[in-house]
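Have a look at this prediction, sequence included:
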Amino acid sequence: MKCDLCDKEAVVHLTQVVNGQTKEVHFCEEHAKAQGIDLNSPISITDILMGLNGPQKNIASELSLACPRCGMAREEFRKTGRLGCPECYKTFMAELTMAIKAMHHSGQHLGKIPAREGVQTRMKSKIARLQKELEAAVAREDFEKAAKLRDQIKKCRDDGTQDDGGKK
């Protein structure tokens with residue numbers, strides 16, 4: 001297989017799957033080094049995720065950035081994938097943003113809600129929805145519907161109280 005940037009034999013092959021689409025990148029030894037991939041040490045996931053966004057700027061200028069508080073260099077952050085202090089989050093914000101987008105396919109994490117909290121959250125939103133319907137029914141003077149909604153809200157609140165051992 002040939003390098004994507006020249007006609008030399010590729011020695012680094014990276015594959016990324018995003019939304020079911022596969023993107024492959026192939027580099028010769030020279031271009032792999034230019035991308036910041038050290039062939040003599042293990043590659044961290046941070047290096048891979050940040051390296052797939054196209055050719056990097058001049059490596060010397062990239063590596064010169066360091067945290068003003070703890071002194072952690074960009075190269076160290078890229079190798080370890082860990083930050084040294086709270087100030088590093090500001091210093092390496094561009095790299096963090098790229099890594100988060102590459103991992104989550106979004107700028108923010110939209111993870112799962114723990115099962116217990118999910119039930120409580122759904123119950124609260126159901127009660128809020130029923131409460132709005134109740135207010136609308138009262139405003140329309142549809143008191144039969146309002147009474148039914150009131151009973152549903154009471155039942156939801158009672159069920160929520162029983163589910164968490166009497167706590168609310």
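Yep, it's here. Numbering: from 1, shown residues only.

Could you give the number of residues near residue 80?
Residues lying near residue 80 (other Cβ atoms under 10 Å) number 12. The C-beta positions use only the backbone N, C-alpha and C, and glycine is treated the same way.

quick one: it from residue 37, how far?
Residue 80 sits 15 Å away from residue 37, going by Cβ to Cβ, to the nearest Å.

can you check residue 8 too?
Using Cβ to Cβ, residue 8 is found at 15 Å from residue 37.

Would you mind telling me which of the two has more residues around it?
The neighbour count for residue 8 versus residue 37, taken as other Cβ under 10 Å, is higher for residue 37 (19 against 13).

my guess is the more buried one meets residue 12, correct?
Yes. Here residue 37 reaches residue 12: they are 5.9 Å apart, a contact under Cβ atoms under 8 Å.

shared neighbours, those two?
Overlap of the contact sets of residue 37 and residue 12 (by Cβ atoms under 8 Å, 6 or more residues apart in numbering) consists of residue 27.

Kindly state the domain boundaries assigned to this structure.
For the chain, automatic domain parsing gives the domain ranges 12-104, 115-163.

These: which one's closest to residue 3?
Checking these against residue 3 by Cβ to Cβ gives domain 12-104 as the closest, at 3.8 Å.

for that closest one, what is the average pLDDT?
Averaged across domain 12-104, pLDDT comes to 73.

Can you list the buried residues in the helix ranked longest in the chain?
Using DSSP state H, we find that the single longest helix of the chain is helix 115-139. For helix 115-139, the neighbour count (16 or more other Cβ atoms under 10 Å) marks 127, 130, 133, 134, 137 as buried.
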